[in-house]
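In: show me how the following folds:
(one chain, ligands or ions: 1)
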Amino acid sequence: MRNMADRRRTCLKSAPDNLIFHLKRFDFDLTDFSRKKVHEHFAFPESIDIGLYNVDHLSEPSKPHIADMFDLVGVVVHFGNCENGHYYSYIRKRPGTFGDALPTWLNFNDEQVDPFDPAEIPQKAFGGFVEDGYTRQYKMYSAYMLFYQRRTAIAGDQQEWVVSPQTQPPQVEVPLPIRHDIELTNDTFIREYCLFDPHHSAFVRHLHSASQKISNGSCSETHEYESRAIDILLAHLGRIVWRQQTTGIFDEFLTHLRRTVLSCEMCCSTVLQWLAKDEEALYNLLLRCPHSNVRSQMRSFVVDCLRVLQATDAYVYITTADSDWASYADGETGVLVPIAKRLALLAENSAKISRAWDDLYLLLTQIAELGHLETAALLDTGLLEFCLRLFCMHARPQLVDGYIDFHRAFQKRTGVFNRLIGFVSTLLSHLDIDLPAFDIKDRMLNIDKEHMMYSLTSMEKSLLLCWHSEHKAYAVIDKMIDVFDHSEAERFYPGEIVKWLTRSTDIHIQREITTMITQGISELNTPYCDPYIRLASSYCEAVSSLEALKKVCDAVVDTVAALEQLVDEKAAPSGGDVLRFLQHAFSLCNAHVTTADVHEYLISQSPKYASVLLLYSDESVRDGTHEFVRDLDTTYMKDSQHLDCAYYSARATVSEIIKRIVYELGAGMPRMQLSPLLDTGKFLVSLLFELDQSEDVDLASCKDAVDRALIYQWRIEVEARVRMLPDVEPSSPGEGVFDASDYGSESDDVELLDP
Ligand SMILES: [Zn+2]
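Out: So this is what the prediction gives:
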């Protein structure tokens, strides 16, 4: 066995005039099976002597070799990564200019061609790192292909083409197909340039104004010229104006449109007909346009046109002069149905333009709010079913097919769903879930004329009531509260929908809503349980019996009561939401329950929630709870019939508060944080003290032997300890200071305890 050094190499027998080198910038990473771009630094020379790689030379390196020089004439650069990127080229001008010593280079980047300094090649094409003194990262651009040409060939071309300054630049016949292509490109370019010229927009507006001047400043009876001018105007608006970089021209256009169109119902009708029929204009103006100002102005213009028609002449609005709803069935010639259909189509094609959803669904909501007729037109397009499908996808995966882009938007986007949910809520407010569901095309013909309500189709109903067994909730509501942005909202639309559902007389539905809300509150932690507490508030507004109301309130109160001494707020519902729930219940408006009954419930439960909420880390929750307990007691005790219950609850709350204070003082909680708890305790103890001291015979039955013991306990265990705290710093004189007890001194004990 012999150890031999092997060498493998590639030699060239002969080279052509042009050499192209392909750099291996893209690689496959076997560790994670992904494509990678190789960003490493790689230098290449201005010239190469290919003679050094010739097979004759490499076979006998001792012999002098024949130089065969090649010069770099082109570099293709790749910018980007392996998933996406862009190519451009640096090219040496050949033949060069007559008499020039140095070659000139050009940078070809799509239709952009600029001079290029070849001295920049190392920096712009070698790859490697870019450093700015702080960070160091790979350049996104590096040479991908190199073009070298034999020096003698370059010189030959130069000699053949550039013989004198007069032959500069060399003229070559352009092949016919290329010449046609150039002419076409130039033609398109100049047309586009003119289309986007601001003067063109002014001309189109002027044309429309002129059409009205023909009949002395107002519209003619036949509208022959006006309609044709509106065609041109809207086509320009929907194809050109929305693309402008700034919104100035659009603003002028819309001001012009509003001034001329909204004063004439015939023109309004023409505009809406045109917008409904055109495949692009509304899509461009309401969805694609990046300027939110354009989208929102367009939205209000469409609504205003509908309003004009609604208020004036029904026949252009629906079908015939006969405004009987039966004529609605063949409403194809009116504007309402085509506009509704066009907007439904936009909604179905809006998956990738979620930034425009707010305007689109606000427009749909505003149309539905115009009345029953408008709502029916929207319902008949299937928009409600479409929206409900979107919110059901997580519970019924088979619905994802055909809505894959929406599915992605629901997973990725935030803060774009509020108006969509608001629109569903508006549509539902025109529907009665208790009416028998059936599949009808013309909702208007099947309205419940007594209550002016429509029925749901069986599909809408089944989507709406689709139960997510794992989440123990209606899938639609479950998804809505998941994506609803509470911080941005003016109204809590999922709550509106729950309120609407709660009004159903169907016992099965009522049972499911109660389960959904109580489970959501008691089984989830913050922040997931918080929207369910908000839903509970909406539910309380619509619920039909005190018992049902108490069931949901119990869920809130018991969840709070279950928290141990120190509030573990990770497991707790948000204090702000609980407090808002209690405040909302306190001033509840519900025809099925009396205020006194709700107040009695809140008073009787206060021992469970008050002391816990008074210890939340959020200062506004602590202060708010103190005020809430004080207001609740004060309001409730105005009726002498309620005193018994109020005192009973005050005793229980005081005893709970004393327990908490003693524990927290022992655990070293600062005095400041305890303030609202102390203030509330003080307020309730003072109620008991006044009762004890009162000689009113009516109050005699309310008195309880335990009161004196409680007052005594408060003085000894709370006041005495707080007074001894080192960090007592009264926030204002006379407030929250325990210098002396309001309920007798220790020497009064005998008197207090022994009446
Ligand atoms: Zn007109």
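
In: longest strand in this protein, please.
Out: Of all segments of type strand in the chain, defined using DSSP state E, the longest is strand 69-80.

In: and stretch 246-262, how far out from the chain middle?
Out: Distance, stretch centre to chain centre, for stretch 246-262: 29 Å (CA atoms, centre = their mean, to the nearest Å).

In: ignore what I typed, I meant stretch 76-86.
Out: Relative to the chain's own centre, stretch 76-86 is displaced by 32 Å; criterion: CA atoms, centre = their mean.

In: walking through the stretch 301-450 of the chain, point out its helices one by one.
Out: Ranges of helices within the stretch 301-450 of the chain are 314-317, 336-348, 357-368, 372-380, 383-392, 404-412, 418-428, based on DSSP state H, counting those that start in this stretch.

In: TSV for the ones you listed, including distance to the ion?
Out: Yep, even glycine has a C-beta here, placed from its N, CA and C like the rest. Shown next, in TSV, are these (distance: least, CB to the ion, whole Å):
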stretch	distance to the ion
helix 314-317	11
helix 336-348	18
helix 357-368	22
helix 372-380	23
helix 383-392	30
helix 404-412	40
helix 418-428	31
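
In: now render the ones you listed as CSV, adding mean neighbour count and mean pLDDT.
Out: As requested, the helices of the stretch 301-450 of the chain are exported to CSV (neighbours: other CB atoms under 10 Å; pLDDT from 0 to 100):
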stretch, mean neighbour count, mean pLDDT
helix 314-317, 20, 48
helix 336-348, 20, 92
helix 357-368, 23, 95
helix 372-380, 23, 88
helix 383-392, 21, 94
helix 404-412, 15, 88
helix 418-428, 23, 96
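
In: what mean pLDDT does the helix or strand following the longest strand of the chain get?
Out: Under the assignment DSSP states H and E, the closest C-terminal helix or strand after strand 69-80 is strand 85-92. Looking at strand 85-92 alone, the average pLDDT works out to 96.

In: ok, then the element right after strand 85-92?
Out: Assigned by DSSP H and E, the successor of strand 85-92 is strand 105-109.

In: show me what that next one is packed against.
Out: Applying 3 or more CB pairs under 8 Å, 6 or more residues apart in numbering; DSSP states H and E, we find strand 105-109 packed against strand 85-92, strand 112-116.

In: between those strands, which one is closest to the ion.
Out: With CB to the ion, the closest approach to the ion among the helices and strands packed on strand 105-109 belongs to strand 112-116: 47.6 Å.

In: just the buried residues of that closest one, please?
Out: Neighbour-count burial for strand 112-116 flags Phe116 (criterion: 16 or more other CB atoms under 10 Å).

In: for stretch 203-210, same thing?
Out: So, applying 16+ other CB under 10 Å, buried residues of stretch 203-210: Val204, Arg205, His208.

In: can you name the residues in contact with that stretch?
Out: Glu226, Ala229, Ile230, Ile232, Leu233, His236, Glu252, Phe253, His256, Thr260 (CB atoms under 8 Å, 6 or more residues apart in numbering).

In: possible to save these as a markdown table with neighbour count?
Out: Shown next, in a markdown table, are those (neighbours: other CB atoms under 10 Å):
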| residue | neighbour count |
| --- | --- |
| Glu226 | 23 |
| Ala229 | 24 |
| Ile230 | 21 |
| Ile232 | 15 |
| Leu233 | 25 |
| His236 | 22 |
| Glu252 | 15 |
| Phe253 | 25 |
| His256 | 17 |
| Thr260 | 21 |
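
In: need the max-distance pair from those residues.
Out: Spatially, the most separated pair among the contacts of stretch 203-210 is Glu226 and Glu252, at 19.3 Å (CB to CB).

In: tell me which of the buried residues of stretch 203-210 is nearest to Val308?
Out: For the buried residues of stretch 203-210, the nearest to Val308 is His208 (17.7 Å; CB to CB).

In: and the closest one, helix, strand or coil?
Out: Remark: His208 carries the secondary structure label helix [criterion: DSSP: H, G, I helix; E, B strand; the rest coil].

In: with the one 10 residues further on instead?
Out: Taken by three-state DSSP, the conformation at Ser218 corresponds to coil.

In: so it touches Gln212, yeah?
Out: Yes: between Ser218 and Gln212 there is a contact at 6.8 Å, judged by CB atoms under 8 Å.

In: which of these two has more neighbours?
Out: Applying other CB atoms under 10 Å to Ser218 and Gln212 shows that Gln212 carries more neighbours, namely 18 against 10.

In: SS state for the more buried one?
Out: helix.

In: ok and the residue in the stretch 351-500 of the chain nearest the ion?
Out: Leu370 (21.6 Å).

In: now for that residue, how many residues are close by?
Out: 15.

In: closest residue of the stretch 651-755 of the chain to the ion?
Out: Counting by CB to the ion, the stretch 651-755 of the chain gets nearest to the ion through Pro676 (66.3 Å).

In: so what's that residue up against?
Out: By CB under 8 Å, 6+ apart, Pro676 lies in contact with Leu614, Arg622, Asp623, Thr625, His626.

In: count the residues that sit near the residue in the stretch 501-650 of the chain positioned nearest to the ion.
Out: Using CB to the ion, the single residue of the stretch 501-650 of the chain nearest to the ion is Arg503, 45.0 Å away. Applying other CB under 10 Å, we find 16 residues neighbouring Arg503.

In: state the distance from it to Val593.
Out: Applying CB to CB, to the nearest Å, the value for Arg503 to Val593 is 14 Å.

In: from the stretch 51-200 of the chain, which residue is nearest to the ion?
Out: His200 (23.7 Å).

In: give me the nearest residue to that residue, chain neighbours excluded.
Out: Cys194 (6.1 Å; CB to CB, 6 or more residues apart in numbering).

In: pLDDT at that neighbour, what is it?
Out: 89.

In: please report the distance of it from Leu207.
Out: Counting by CB to CB - Cys194 and Leu207 are separated by 15 Å.

In: same check, this time on Asp56
Out: 79 Å.

In: still on that earlier bit, pLDDT of the longest strand of the chain, averaged?
Out: Strand 69-80 comes out at a mean pLDDT of 96.

In: who touches it?
Out: So strand 69-80 is contacted by 15, 19, 25, 37, 44-50, 85-92, 94, 121, 124-125, 140-151, 154 (CB under 8 Å, 6+ apart).

In: quick check: the residue of the stretch 351-500 of the chain closest to the ion touching Leu306?
Out: Yes: at 6.3 Å, Leu370 and Leu306 qualify as touching, with contact defined as CB under 8 Å.
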